[in-house]
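In: sequence below, structure please.
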Amino acid sequence: MENNYEDNEEMEFLTLTLDDGEEAEFGVIGTFEAEDKTYIALLNEEEDIFLYEYVEINEEEIDLINIEDDDEFEMVSELFMDLFVEED
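Out: This is a model prediction of the structure:
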């Protein structure tokens, strides 16, 4: 499998405040829509991928919502793979 997001010099970055109060920087792999919601895929320094529901509050503020429903997470994960990871 090959991904379409590594080594992207133009990747945007977000600094997020984690639950423990620490800040971490994440690369934005991309946003995508499914079932009337927008989702975002983020990449941390360890190259772990995180998927969240993405809500724009205004031009300067966003809200990332954990995907807690297993069926929804599976659907979003499959869509992410289809959009951003190429089969060999």
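In: and Glu10, helix, strand or coil?
Out: Put simply, Glu10 is coil when judged by DSSP: H, G, I helix; E, B strand; the rest coil.
In: no no, Glu46
Out: Relying on three-state DSSP, one would call Glu46 coil.
In: please report phi then psi for it.
Out: With angles defined as degrees, to the nearest 10, Glu46 sits at phi -80, psi 0.
In: so what touches the longest strand that the chain contains?
Out: Scanning the chain for the longest strand, with DSSP state E as the assignment, gives strand 23-34. With contact meaning C-beta atoms under 8 Å, 6 or more residues apart in numbering, strand 23-34 is reached by 5, 8, 11-18, 38-45, 49-50, 54, 75-76, 79-80, 83-84. Any C-beta I mention is one placed from the backbone N, CA and C, and that applies to glycine too.
In: quick one: buried residues of that strand?
Out: 26-30, 32 (16 or more other C-beta atoms under 10 Å).
In: before we move on, what about stretch 36-48?
Out: Neighbour-count burial for stretch 36-48 [16+ other C-beta under 10 Å]: 39-43.
In: in stretch 66-84, what's buried?
Out: Buried residues in stretch 66-84, counting neighbours by 16+ other C-beta under 10 Å, are found at 67, 72, 76, 79-80.
In: narrow the contacts of strand 23-34 to those in helices?
Out: Among the contacts of strand 23-34, DSSP state H puts 75-76, 79-80, 83-84 in helices.
In: ok, the buried residues of stretch 66-84 vs Glu61, which is closest?
Out: Glu61 has its nearest neighbour among those in Ile67, at 20.1 Å by C-beta to C-beta.
In: got the phi and psi for the nearest residue to the closest one once chain neighbours are set aside?
Out: Leaving aside its chain neighbours, Ile67 sits nearest to Phe73 (4.6 Å; criterion: C-beta to C-beta, 6 or more residues apart in numbering). Dihedral angles of Phe73 (phi, psi; degrees, to the nearest 10) stand at phi -60, psi -40.
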